[in-house]
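1. After the sequence you'll find the predicted model.
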Amino acid sequence: MSRIGKLPIIIPDGVEVTINGQVVTAKGPLGTETVEVRPEIKLEKVDNTVVVTRINDDRKSRSLHGLSRTLVANTINGVKNGFTKKLEIVGVGYRAAMQGNTLNLALGYSHPVNIDAPEGIKISVEANTKITVTGANKQAVGDVAALIRSKRPPEVYKGKGIKYEGEYIRRKAGKTGKK
């Protein structure tokens, strides 16, 4: 049995969860999120918890059990608390600024890089070099953070670029002069 899949999901106060067949809808203070689980997985709401079980023990059902439970738990947690990814910009002249709902990045190119925040995602900039991406959908938050990072990934010689907060960049020594 899946160690993660067998754990019940506790529904926090202020969150309303409805199960309609294979679709789970969570409604909370940060909005409404839905997730659809595969037919190999059975969902039921018991008291103040959601229990995820599998219909049989074949390989496909076993592999989807923990995944489905985690997706439902992330949906419920997202509408209550939300998710956050923080990025740091390292490099001389590299900076970020918000212009309305658009993130404007100066990353050493001959042109500014503009990224529009998708619906449900909030991007904020502190001190020109710290970017925070927040939202109720964990996958969408991660996708937007990865898109921002992809515009100038950190390089290995000086560490310049956009990196996740706390990310370790392995450095290379570079060339040495002839003696």
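-> Nice, I can see it.

2. Could I get the full set of helices for this structure?
-> 59-80, 138-150 (DSSP state H).

3. Quick check: residue 162 touching residue 151?
-> Yes: look at residue 162 against residue 151 with C-beta atoms under 8 Å: they come within range, at 6.6 Å. Using the backbone N, CA and C atoms, a C-beta is placed for each residue, glycine as well.

4. and for these two, which residues touch both?
-> 105, 107 (C-beta atoms under 8 Å, 6 or more residues apart in numbering).

5. Show the contacting residues for the most centrally placed residue in the chain.
-> Centroid-nearest residue in the chain: residue 142, 3.0 Å away (criterion: C-alpha atoms, centre = their mean). Residue 142 sits next to 83, 85 when contact means C-beta under 8 Å, 6+ apart.

6. and it, how far is that from residue 36?
-> As judged by C-beta to C-beta, to the nearest Å, residue 142 and residue 36 stand 19 Å apart.

7. list the buried ones in the lengthiest strand in the chain?
-> Longest strand in the chain by number of residues, with DSSP state E as the criterion: strand 83-90. Under the neighbour-count criterion of 16 or more other C-beta atoms under 10 Å, strand 83-90 has 83, 85, 87-90 buried.

8. before we move on, what about stretch 25-34?
-> Buried, per 16+ other C-beta under 10 Å, within stretch 25-34: 25-26, 28, 30, 33.

9. With distance to residue 14 as extra columns, can I get those residues in TSV?
-> Shown next, in TSV, are the buried residues of stretch 25-34 (distance: C-beta to C-beta, whole Å):
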residue	distance to residue 14
25	15
26	11
28	6
30	10
33	14
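
10. between residue 162 and residue 151, who's got more neighbours?
-> residue 162 (24 against 15; other C-beta atoms under 10 Å).
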